[in-house]
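> need a 3D model of the sequence below.
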Amino acid sequence: MKLLLDENLSRRLIPLLQTDYPGSSQVALLKLETSTDREIWEYAKTNDFIIVTRDSDFHELGTLYGAPPKVIWLKTGNQSKASTLRSLLKHNEQIYAALFQEEKYCIEIYG
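A predicted model of the protein is given here:
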């Protein structure tokens, strides 16, 4: 399960996520920072990423187009990199269960 962090999430999280989410990346690291949400959506779909975001845009695209890609919507407000990392690591099993066992296209993670 590899994650694609939206532009609003720090690229510095990527090395820290590799053990639990190998192959993960961030929009700017892939030179997608000027891409539209739809282009990022298509990139994630083509490259088997799960999009991680703090805003509703990708949830809305999922409602419109369906999965893949799947979406992790962090409803945690503005928080530190450390808090974001803890949220993703702490909810790893919950994320996997929801997205792959329950076949949901989006999971919302709260603080």
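
> measure how far the helix or strand that L4 is a member of is from the centre of its chain, please.
Using DSSP states H and E, L4 falls within strand 2-5. Relative to its parent chain, strand 2-5 has a centroid offset of 5 Å by Cα atoms, centre = their mean, to the nearest Å.

> tell me which stretches of the protein form helices.
In chain order, the chain shows helices spanning 14-17, 37-46, 57-65, 81-90, 92-96, with DSSP state H as the criterion.

> just send those back as TSV, with mean pLDDT too.
Shown next, in TSV, are those (pLDDT from 0 to 100):
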stretch	mean pLDDT
helix 14-17	97
helix 37-46	97
helix 57-65	94
helix 81-90	94
helix 92-96	95
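
> of the ones you listed, which is nearest Y105?
Closest of those to Y105 is helix 57-65, at 4.9 Å (criterion: Cβ to Cβ). Quick note: C-beta positions are derived from backbone N, CA and C, even for glycine.

> now do the closest one: which elements does it pack against?
helix 37-46, strand 71-75, strand 106-110 (3 or more Cβ pairs under 8 Å, 6 or more residues apart in numbering; DSSP states H and E).

> now with 6 Å?
Other elements packing on helix 57-65 under the criterion 3 or more Cβ pairs under 6 Å, 6 or more residues apart in numbering; DSSP states H and E are strand 71-75.

> fine, thanks again, bye for now.
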